[in-house]
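S.K.: Task: produce atomic coordinates for the following.
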Amino acid sequence: MGLFDKLFKRNKEQQEQKEALDEGLKKTKEGFFSRITKAIAGKDKVDEEVLDQVEDALVTADVGVDTTVAIIDRIEARVAKDKYLGTSELNRILQEEIMGMLTEAPSSEFTTFNVPAGKKPYVILVVGVNGVGKTTTIGKLAYNFKKAGKNVVLGAADTFRAAAVDQLTIWSERVGVPIVKKEMGSDPSSVAFDAVESGMARGADVVIIDTAGRLHNKAYLMDELGKIHRVIKKKMPDAPHEVLLVLDGSTGQNAIEQAKHFTAATNVTAIAITKLDGTAKGGVVLAIANQFKIPVKYIGVGERMEDLQIFSKEEFVDSLFSLNG
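M.R.: Reported below is the predicted structural model:
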């Protein structure tokens, strides 16, 4: 049982989600703890050598150098305070310090698939490079919002790739929500405008708009997203209400580089990290949460539509450290 298990009284659905999270982080956990086990073999106290091994384990899990240094500094402070700190306590200390660091990072306002009151429709603009799972994430978002009783409209504003429009259309049919789209090469901002207009006319709760996944020119990206923002505001002055950046967790440090580009190009307000189930680099979640001070709102831990989860710091850390998970 993990440290936080006793804090949660989960219903059946929540327990299934926790099990999916445990399984999704399995590769990261196994790689991380095999290195920790090696670090403390034959040791009876946390010394400099052990800390060096822990540092290597964190970096290998793609926690990132800056975040790793911050975690090690926290552990060193604990060691300095308690001279007789044993290696048997290392996992607990790591867990507590990582949880402490995540607690200091911004959090999403909601723990379920909900939207703020008074913003109808709630307009989500989704950004990210091609191949990170952006369109699939939109489909899964639509499914989960609909499951939560929300009326959803999709907008296919990635008009530069016919495959993107086709893929989003398939998702709209699979989930059973309407989609606004135009022919390939149309002005993306006009699609975004029409999607918001359609959402308002239908009384939708949520409008989710896909955008082109290009990052070859930051200035061009900024101009394009800026135009979409301006056009949407003509119809709904306070929209978009959320700019969601989708990142591929399996790319590790490359995901961090993408985050740097997009946060420089537009006002990203939330992050979704996908494909954590296929990688041992799940530590990138810690790096992104710590480095960018933008809420990690969703994580993808599997192929099923239910496997896009609201990110819970407590549940994430518990799954990472539950050795019997």
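
S.K.: from here on, contacts and neighbour counts on C-alpha atoms
M.R.: Fine.

S.K.: how many neighbours does the residue nearest to V50 when sequence neighbours are not counted have?
M.R.: Counting by Cα to Cα, 6 or more residues apart in numbering, V50 lies nearest to A39, which is 5.4 Å off, once chain neighbours are set aside. By the measure other Cα atoms under 10 Å, the count of residues near A39 is 21.

S.K.: and if you look at the one 3 residues further on?
M.R.: If you count neighbours by other Cα under 10 Å, G42 ends up with 9.

S.K.: what separates the one helix or strand the residue nearest to V50 maps to from the chain centre, distance-wise?
M.R.: A39 belongs to helix 26-40 when assigned by DSSP states H and E. Remark: helix 26-40 is offset 23 Å from the chain centroid, using Cα atoms, centre = their mean, to the nearest Å.

S.K.: And stretch 219-238, by the same measure?
M.R.: 23 Å.

S.K.: list the buried ones in that stretch?
M.R.: L221, M222, E224, L225, I228, H229, R230, V231, I232, M236 (16 or more other Cα atoms under 10 Å).

S.K.: Show me what it is in contact with.
M.R.: Under the criterion Cα atoms under 8 Å, 6 or more residues apart in numbering, residues 188-190, 192-193, 196-197, 214-215, 239-240, 265-266 lie in contact with stretch 219-238.

S.K.: List buried residues within the residues you listed.
M.R.: Buried by 16+ other Cα under 10 Å: P188, S189, S190, A192, F193, V196, E197, L215, A239, P240, A265, T266, out of those.

S.K.: which one of those is nearest D166?
M.R.: Nearest to D166 among the buried ones among the contacts of stretch 219-238 is P188, at 15.2 Å by Cα to Cα.

S.K.: quick one: pLDDT of that closest one?
M.R.: Per-residue confidence (pLDDT) for P188: 93.

S.K.: wait, what's in contact with V180?
M.R.: V153, L154, G155, A156, V191, D194, A195, S198.

S.K.: I'd like the next helix or strand past the helix or strand harbouring V79.
M.R.: For V79, the host element (DSSP H and E) is helix 65-81. Next helix or strand after helix 65-81 toward the C-terminus (DSSP H and E): helix 90-104.

S.K.: which residues touch that next one?
M.R.: Outside helix 90-104, the residues that touch it by Cα under 8 Å, 6+ apart are V46, I71, R74, I75, L286, A289, N290, K313, E314, V317, F321.

S.K.: Spatially, which two of the buried ones among the contacts of stretch 219-238 are the most separated?
M.R.: Within the buried ones among the contacts of stretch 219-238, E197 and L215 form the most distant pair, 28.1 Å apart (Cα to Cα).

S.K.: Near the spatially closest residue to G64 that is not a sequence neighbour, how many other residues are there?
M.R.: Spatial nearest neighbour of G64, excluding adjacent residues (Cα to Cα, 6+ apart): A287 at 5.6 Å. Using other Cα under 10 Å, A287 has 22 neighbouring residues.

S.K.: Could you do I288 as well?
M.R.: 27.

S.K.: Give me the residue ranges of the stretch 51-200 of the chain where confidence is low.
M.R.: Where the stretch 51-200 of the chain drops to pLDDT under 70, the residues are 83-87.

S.K.: Can you give me the buried ones in stretch 60-69?
M.R.: The neighbour-count check on stretch 60-69 (16+ other Cα under 10 Å) flags T60, A61, D62, V63, G64, T67, T68 as buried.
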